[in-house]
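K.L.:
how would this look folded up:
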Amino acid sequence: QVQLVESGGGLVQAGGSLRLSCVASGRTFSTYSMGWFRQVPGKEREFVAAKTWTSGSTFYADSVKSRFTISRDGAKNTVYLQMNSLKPEDTAVYYCAASQYVNGLGLLGRYDYWGQGTPVTVSS
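P.N.:
Numbering: from 1, shown residues only. A predicted model of the protein is given here:
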């Protein structure tokens, strides 16, 4: 089992920045690829970013590329999502997730564990 706890969400003005954190506990964190997803009420959960546990390759949704950065600190069992140049359309609940896979990380079904989510609101 892996437990994931997100934090760092909040209210920010458009153009601002936030850094989300996700602390993992339980089984070996280093052998899981990590991803971030987001969901708006009434819509499907969508992929934001992912980082593989093997090569450390990163993947981003087109909508956040060049604005968001995913990183991980193995010593702290933590994955981060640095979000810059935020837009009102980035408003959502953000979830981190852990996957035993290194491909297909844009798909919800590739993830084995999920956090409870942290809300982000970007005002215009």
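
K.L.:
need the contact list for the residue lying farthest from the centre of the chain.
P.N.:
Going by Cα atoms, centre = their mean, the residue of the chain most distant from its centre is S124, 22.7 Å out. Shown in contact with S124 (Cβ atoms under 8 Å, 6 or more residues apart in numbering): A14, P88. (C-beta placed from N, C-alpha, C; glycine too.)

K.L.:
Check whether W114 really touches A97, as I assumed.
P.N.:
Yes: counting by Cβ atoms under 8 Å, A97 is a contact partner of W114 at 4.9 Å.

K.L.:
between these two, what contacts are shared?
P.N.:
Contacts common to W114 and A97, judged by Cβ under 8 Å, 6+ apart, are L4.

K.L.:
Which one's more surrounded, these two?
P.N.:
A97 (25 against 17; other Cβ atoms under 10 Å).

K.L.:
And the residue positioned nearest the centre of the chain, how far from C96?
P.N.:
Computing the C-alpha centroid of the chain and ranking residues by Cα atoms, centre = their mean puts W36 first, at 2.1 Å. From W36 over to C96 the distance is 6 Å, taken as Cβ to Cβ, to the nearest Å.

K.L.:
for A50, same thing?
P.N.:
Distance from A50 to C96, by Cβ to Cβ: 10 Å.

K.L.:
and if you look at G8?
P.N.:
Counting by Cβ to Cβ, the gap from G8 to C96 is 11 Å.

K.L.:
Quickly list what's touching both of the two.
P.N.:
L20.

K.L.:
Tell me which of the two has more neighbours.
P.N.:
C96 (30 against 16).

K.L.:
Find the nearest non-adjacent residue to the more buried one, please.
P.N.:
C22 (3.4 Å; Cβ to Cβ, 6 or more residues apart in numbering).

K.L.:
mind listing what the one you found touches?
P.N.:
L4, V5, E6, S7, M34, W36, T78, V79, Y80, L81, C96, G115.

K.L.:
partner strands of the helix or strand harbouring the third one, parallel or antiparallel?
P.N.:
Looking back up the chat, that one is E6. Assigned by DSSP states H and E, E6 belongs to strand 2-7. In the sheet, strand 2-7 lines up against strand 18-26 (antiparallel) (DSSP bridges).
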